[in-house]
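**Q** Sharing a model that was predicted from the sequence below.
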Amino acid sequence: MPSPSQRPTTKAVIPVAGMGTRFLPATKAVPKELLPVVDRPALQYIVEEAARAGLPEVLMVTGRNKAAIEDFFDRAPELEAALEKKGDQSRLDAVHAATDVAQVHFVRQGEARGLGHAVLQAAAFVGDEAFAVLLGDDIIDARDHLLEEMLAVQAEHGGAVVALLDVGRENISKYGAVAVHGEGSTVRVTGLVEKPPADEAPSSLAIIGRYVLPPEVFAALRVTEPGAGGEIQLTDALVRLVQDGVPVHGVVFSGRRYDTGDRLDYLKAVIQLAVEREDLGPALRPWLQQFVADLPAQGASPA
Ligand code: G1P
């Protein structure tokens, strides 16, 4: 009988309780996770990524004003009947894709006390197994296999695995920063700091929003005091795991990542993903090239 840590990971946790203040006023009525990236909510990309990596059981940790997320992952019988009547199979398939891709469960966070607190709400769902955490702001290109790689590293070494990206010193204060031992695409994490000032960061390697965590993280989270921003930080619970001798590894990502976390990055993500799409790319590319060619040089007044 395999020990708990050897059981294949099947569960993913996606925290979606954030207020989305950077996208106000849109997020007054629409959760930021449902803002369309081309024609799919950002969150659908994340659920599809989890399913592709072999994690069909997904728990969303929601909060107030997030009911639309539950509706999105529910069947829509009236809409489906209307599309069926029209014989619109491709749109029907698109509607089904949201509900068929994974088994989605929900738990409410109650109070917004930080990412660590959100992850703690998944304890009963996860039980005694390793599990993945996917944050919604980062979309990883479907052609890259970051999560699969992280799951393989976790299966080999046990403990926790985080996704890392070199974001440069100038950006590190927006992230969890790590100290690492070793080189190459898999490194050992020896220290972590949540959102350090640039001159105090242990490196320019940042945690991007993918984690594979052992169930021991819940015990660590229960005793983690509020940290950066007055919130219970997942990064601080990982510090505790390192101190307890639990292996924490980092997989350094070198693929395509689309950040949808703020307005400028969101705009870039929509354009990048649309250009790649078979149905939209061929028409968008020449238009975009012309549009850029016609842009007045910076500072010049329009003709
Ligand atoms: C969270 C984590 C941080 C991580 C980041 C990745 O911060 O606390 O360690 O680097 O996600 O996106 P947030 O972006 O929620 O402030």
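**A** Nice, I can see it. Numbering: from 1, shown residues only.
**Q** just the CA coordinates of the helix or strand of the chain with the lowest mean pLDDT, formatted as CSV?
**A** Lowest on mean pLDDT, DSSP states H and E among the helices and strands of the chain sits helix 89-100, with a mean of 78. C-alpha atoms of helix 89-100 as CSV (Å, rounded to 0.1, in the frame of the first residue of the first chain):
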residue,chain,number,x,y,z
GLN,A,89,-22.8,23.0,-32.2
SER,A,90,-19.5,24.9,-31.9
ARG,A,91,-21.0,27.3,-29.3
LEU,A,92,-22.6,24.4,-27.5
ASP,A,93,-19.3,22.7,-27.3
ALA,A,94,-17.7,25.9,-25.9
VAL,A,95,-20.5,26.1,-23.2
HIS,A,96,-19.9,22.4,-22.3
ALA,A,97,-16.1,22.9,-22.1
ALA,A,98,-16.5,24.9,-18.9
THR,A,99,-18.4,22.2,-17.1
ASP,A,100,-16.9,19.1,-18.6
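**Q** ranges for the strands of the stretch 151-300 of the chain?
**A** 160-166, 176-181, 186-194, 205-213, 248-252, 257-259 (DSSP state E, counting those that start in this stretch).
**Q** Least confident of those, on average?
**A** Lowest mean pLDDT of these: strand 257-259, a mean of 90.
**Q** In the stretch 151-300 of the chain, which residue sits closest to the ligand?
**A** Here the residue of the stretch 151-300 of the chain nearest the ligand is residue 176; by CB to the nearest ligand atom that distance is 2.4 Å. (Glycine included, C-beta is placed from N, CA and C.)
**Q** isn't that residue right up against residue 189?
**A** No - at 10.3 Å, residue 176 does not count as touching residue 189 under the criterion of CB atoms under 8 Å.
**Q** Overlap of the contact sets of these two?
**A** 162, 238 (CB atoms under 8 Å, 6 or more residues apart in numbering).
**Q** on that earlier part again, which helices and strands sit right next to the least confident helix or strand of the chain?
**A** Packing partners of helix 89-100 (3 or more CB pairs under 8 Å, 6 or more residues apart in numbering; DSSP states H and E): helix 77-86.
**Q** can you list the residues of the protein near the ligand?
**A** Counting by CB under 6 Å from any ligand atom, the residues of the chain close to the ligand are 115, 135, 137, 175-176, 194, 206-209, 233-235.
**Q** need the contact list for the closest residue to residue 76 other than its chain neighbours.
**A** Distances taken as CB to CB, 6 or more residues apart in numbering place residue 95 nearest to residue 76, at 6.3 Å, with adjacent residues excluded. Contacts of residue 95 were listed using CB under 8 Å, 6+ apart, and they are 76, 79, 80, 83.
**Q** mind checking how far residue 95 is from the ligand?
**A** From residue 95 across to the ligand, the span is 30 Å (CB to the nearest ligand atom, to the nearest Å).
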